[in-house]
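Trainee: here is the input, now give the coordinates:
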Amino acid sequence: MGWFSKLRRRYDALVARYGRIAIATYFTLFFGALFGFWGAISSGVDVAAAFQHLGLDASGATSRTGTLLVAYGFTKLTQPLRIVATLALTPLVARVLGRAPLPIPAAPEVEPVEPA
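Mentor: Numbering: from 1, shown residues only. Presented below is the predicted three-dimensional model:
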């Protein structure tokens, strides 16, 4: 199992425990990144060069597509970072809002079986 699927499982468990708070935290980070990239690209910042510095080739993206579509592409590249940020921030956001997480369900007790 890859690192991204493990991260995704942790995110799914977080959503099961915190519900709407986890989803709202994730989408706040998503739209913050989307509009942040959109604003940076619109103002002339060479976002593609920054991603090339990280080893990702996005050099021709801004010349062939619309600004919002390019911003969405860069936002998708940051998805693992946004999931990690959501995992870290959701308990804090829930605490600030005064919301307790749902209890973790107890594992069912298994009776030992006597050999016959």
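
Trainee: residues near the nearest residue to residue 68 once chain neighbours are set aside, how many?
Mentor: Take residue 68 and drop its neighbours on the chain: the residue closest to it by C-beta to C-beta, 6 or more residues apart in numbering is residue 38, 5.7 Å away. Where C-beta positions appear, they are placed from N, C-alpha and C, glycine not excepted. Residues near residue 38, counting by other C-beta atoms under 10 Å, number 20.

Trainee: just the pLDDT for residue 38.
Mentor: At residue 38, the pLDDT value in this model is 89.

Trainee: tell me which helix or strand it sits in.
Mentor: helix 20-42 (DSSP states H and E).

Trainee: OK, contacts around residue 101?
Mentor: 17-18, 91, 94 (C-beta atoms under 8 Å, 6 or more residues apart in numbering).

Trainee: ok, the residue nearest to residue 68 - contacts?
Mentor: 67-68, 71.

Trainee: make a PyMOL selection of whichever of those turn out to be buried.
Mentor: Only the buried entries of the contacts of residue 38 go into this PyMOL selection, using 16 or more other C-beta atoms under 10 Å:
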select buried, resi 71
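
Trainee: the contacts of residue 38 in helices, which ones?
Mentor: Among these, the ones falling in helices (DSSP state H) are 67-68, 71.

Trainee: in a markdown table, list the contacts of residue 38 along with distance to residue 99 and pLDDT.
Mentor: Formatted as a markdown table, the contacts of residue 38 follow (distance: C-beta to C-beta, whole Å; pLDDT from 0 to 100):
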| residue | distance to residue 99 | pLDDT |
| --- | --- | --- |
| 67 | 37 | 81 |
| 68 | 33 | 84 |
| 71 | 31 | 87 |
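
Trainee: which pLDDT value does the model give the residue nearest to the spatial centre of the chain?
Mentor: Nearest to the mean C-alpha position of the chain, by C-alpha atoms, centre = their mean, lies residue 83 at 2.4 Å. The score at residue 83 is 91. That number is its pLDDT.

Trainee: helices or strands next to the host helix or strand of it in the packing?
Mentor: For residue 83, the host element (DSSP H and E) is helix 79-97. Here helix 79-97 is seen to pack against helix 3-18, helix 20-42 when contacts are counted using 3 or more C-beta pairs under 8 Å, 6 or more residues apart in numbering; DSSP states H and E.
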